[in-house]
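Visitor: Let's see this in three dimensions:
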Amino acid sequence: MALELMKLLVTGATTTEVDPTDSRLFYVTTTPTAAGGTLTIDAASFLQDDGTLLTTLPSLATNNSYYNVYINAVLQMDGISTYTPGATGVGSLAIAVPAGGSGIPTGTPIVLEIMSFSPTSTTVITT
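Guide: Model (predicted):
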(Lines give C-alpha, C1' and ligand atoms only; values in the text may rest on other atoms or scores of the structure.)
Protein backbone atom coordinates (compact mmCIF):
# COMPACT_ATOMS: atom_id res chain seq x y z
CA MET A 1 0.00 0.00 0.00
CA ALA A 2 1.29 3.46 -0.92
CA LEU A 3 1.83 6.16 1.68
CA GLU A 4 -0.75 8.95 1.88
CA LEU A 5 -0.66 12.39 3.41
CA MET A 6 -3.36 12.59 6.07
CA LYS A 7 -4.74 16.04 6.81
CA LEU A 8 -7.68 17.71 8.44
CA LEU A 9 -10.33 19.41 6.38
CA VAL A 10 -11.01 22.74 8.06
CA THR A 11 -13.10 25.63 6.73
CA GLY A 12 -13.79 28.95 8.31
CA ALA A 13 -15.95 31.96 7.68
CA THR A 14 -15.81 35.36 9.33
CA THR A 15 -18.69 37.81 9.32
CA THR A 16 -17.92 41.42 10.24
CA GLU A 17 -20.57 44.03 10.95
CA VAL A 18 -19.78 47.71 11.27
CA ASP A 19 -22.07 49.94 13.29
CA PRO A 20 -21.46 53.62 12.44
CA THR A 21 -22.26 56.38 14.90
CA ASP A 22 -22.69 59.84 13.42
CA SER A 23 -22.68 62.91 15.67
CA ARG A 24 -23.29 66.40 14.38
CA LEU A 25 -22.35 69.36 16.54
CA PHE A 26 -23.28 72.97 15.82
CA TYR A 27 -21.78 76.36 16.62
CA VAL A 28 -22.46 79.90 15.39
CA THR A 29 -19.56 82.35 15.61
CA THR A 30 -20.01 85.24 18.03
CA THR A 31 -17.03 87.31 16.89
CA PRO A 32 -15.16 87.55 13.60
CA THR A 33 -11.89 85.65 13.04
CA ALA A 34 -9.49 87.44 10.71
CA ALA A 35 -7.41 85.74 8.03
CA GLY A 36 -4.26 84.36 9.63
CA GLY A 37 -6.06 83.93 12.97
CA THR A 38 -7.35 80.86 14.77
CA LEU A 39 -10.91 80.25 15.88
CA THR A 40 -10.99 77.93 18.90
CA ILE A 41 -14.36 76.49 19.91
CA ASP A 42 -14.61 74.98 23.39
CA ALA A 43 -16.38 71.61 23.76
CA ALA A 44 -19.17 73.17 25.85
CA SER A 45 -19.94 75.74 23.12
CA PHE A 46 -21.28 73.13 20.70
CA LEU A 47 -24.97 72.29 20.44
CA GLN A 48 -25.98 68.67 19.84
CA ASP A 49 -28.66 67.49 17.40
CA ASP A 50 -31.31 67.72 20.13
CA GLY A 51 -30.39 71.35 20.95
CA THR A 52 -28.65 70.61 24.26
CA LEU A 53 -25.13 71.79 25.00
CA LEU A 54 -22.32 69.29 24.62
CA THR A 55 -20.20 68.56 27.68
CA THR A 56 -17.34 66.50 26.23
CA LEU A 57 -15.85 66.00 22.77
CA PRO A 58 -15.39 62.22 22.38
CA SER A 59 -12.05 60.52 21.78
CA LEU A 60 -11.48 59.37 18.22
CA ALA A 61 -10.44 55.72 17.94
CA THR A 62 -7.42 55.27 15.67
CA ASN A 63 -8.48 53.85 12.27
CA ASN A 64 -12.14 53.66 13.34
CA SER A 65 -13.24 57.30 13.37
CA TYR A 66 -12.83 60.68 11.75
CA TYR A 67 -14.29 64.17 11.82
CA ASN A 68 -15.38 66.70 9.21
CA VAL A 69 -15.65 70.47 9.61
CA TYR A 70 -18.16 72.52 7.64
CA ILE A 71 -18.00 76.32 7.64
CA ASN A 72 -21.12 77.97 6.26
CA ALA A 73 -22.16 74.53 4.89
CA VAL A 74 -18.90 74.03 2.96
CA LEU A 75 -16.69 71.04 3.82
CA GLN A 76 -13.22 72.22 4.78
CA MET A 77 -9.82 70.74 3.93
CA ASP A 78 -8.28 68.32 6.43
CA GLY A 79 -5.28 70.42 7.49
CA ILE A 80 -7.25 73.51 8.51
CA SER A 81 -8.52 72.18 11.86
CA THR A 82 -7.26 70.52 15.02
CA TYR A 83 -9.56 68.31 17.10
CA THR A 84 -8.84 67.85 20.80
CA PRO A 85 -11.12 65.47 22.74
CA GLY A 86 -12.18 66.22 26.30
CA ALA A 87 -14.52 68.23 28.49
CA THR A 88 -14.87 71.99 28.64
CA GLY A 89 -11.55 73.76 29.05
CA VAL A 90 -9.72 70.80 27.46
CA GLY A 91 -11.79 69.61 24.49
CA SER A 92 -11.93 71.95 21.53
CA LEU A 93 -11.94 72.42 17.79
CA ALA A 94 -9.36 74.91 16.51
CA ILE A 95 -9.74 76.26 12.97
CA ALA A 96 -6.69 77.99 11.48
CA VAL A 97 -7.95 80.58 9.01
CA PRO A 98 -5.42 80.75 6.15
CA ALA A 99 -3.63 84.07 5.72
CA GLY A 100 -4.28 85.92 2.52
CA GLY A 101 -7.90 84.82 2.27
CA SER A 102 -11.07 86.02 3.87
CA GLY A 103 -11.83 85.54 7.55
CA ILE A 104 -14.83 84.02 9.27
CA PRO A 105 -17.50 86.65 9.99
CA THR A 106 -19.77 86.83 13.03
CA GLY A 107 -22.88 84.65 12.70
CA THR A 108 -21.21 81.97 10.56
CA PRO A 109 -22.52 78.44 11.22
CA ILE A 110 -19.88 75.79 11.88
CA VAL A 111 -20.77 72.10 11.91
CA LEU A 112 -18.49 69.45 13.38
CA GLU A 113 -19.42 65.96 12.19
CA ILE A 114 -17.88 63.00 14.02
CA MET A 115 -18.05 59.49 12.54
CA SER A 116 -17.11 56.49 14.69
CA PHE A 117 -17.30 52.83 13.75
CA SER A 118 -17.74 49.86 16.10
CA PRO A 119 -16.86 46.70 14.19
CA THR A 120 -17.77 43.26 15.56
CA SER A 121 -16.67 39.98 14.01
CA THR A 122 -17.90 36.43 14.36
CA THR A 123 -15.83 33.49 13.11
CA VAL A 124 -17.22 30.01 12.57
CA ILE A 125 -14.75 27.15 12.13
CA THR A 126 -16.00 23.85 10.73
CA THR A 127 -13.89 20.67 10.95
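
Visitor: what sits against the nearest residue to E17 once chain neighbours are set aside?
Guide: Take E17 and drop its neighbours on the chain: the residue closest to it by CB to CB, 6 or more residues apart in numbering is T120, 5.5 Å away. Every C-beta, even on glycine, is put in place using the N, C-alpha and C of the backbone. Contact analysis of T120 by CB atoms under 8 Å, 6 or more residues apart in numbering lists T16, E17, D19.

Visitor: sec struct for T120, please.
Guide: strand (DSSP: H, G, I helix; E, B strand; the rest coil).

Visitor: Isn't A87 up against T56?
Guide: Yes - A87 lies in contact with T56 (CB atoms under 8 Å); the separation is 4.5 Å.

Visitor: shared neighbours of the two, which are they?
Guide: Contacts common to A87 and T56, judged by CB under 8 Å, 6+ apart, are A43.

Visitor: Just checking the distance from stretch 43-53 to the centre of its chain.
Guide: In terms of CA atoms, centre = their mean, to the nearest Å, the gap separating the centre of stretch 43-53 from the centre of its chain is 16 Å.

Visitor: repeat for stretch 42-57
Guide: Taking mean C-alpha positions (CA atoms, centre = their mean), stretch 42-57 and its chain are 15 Å apart.

Visitor: next one: stretch 9-29
Guide: Centre to centre, stretch against its chain (CA atoms, centre = their mean), the figure for stretch 9-29 is 12 Å.
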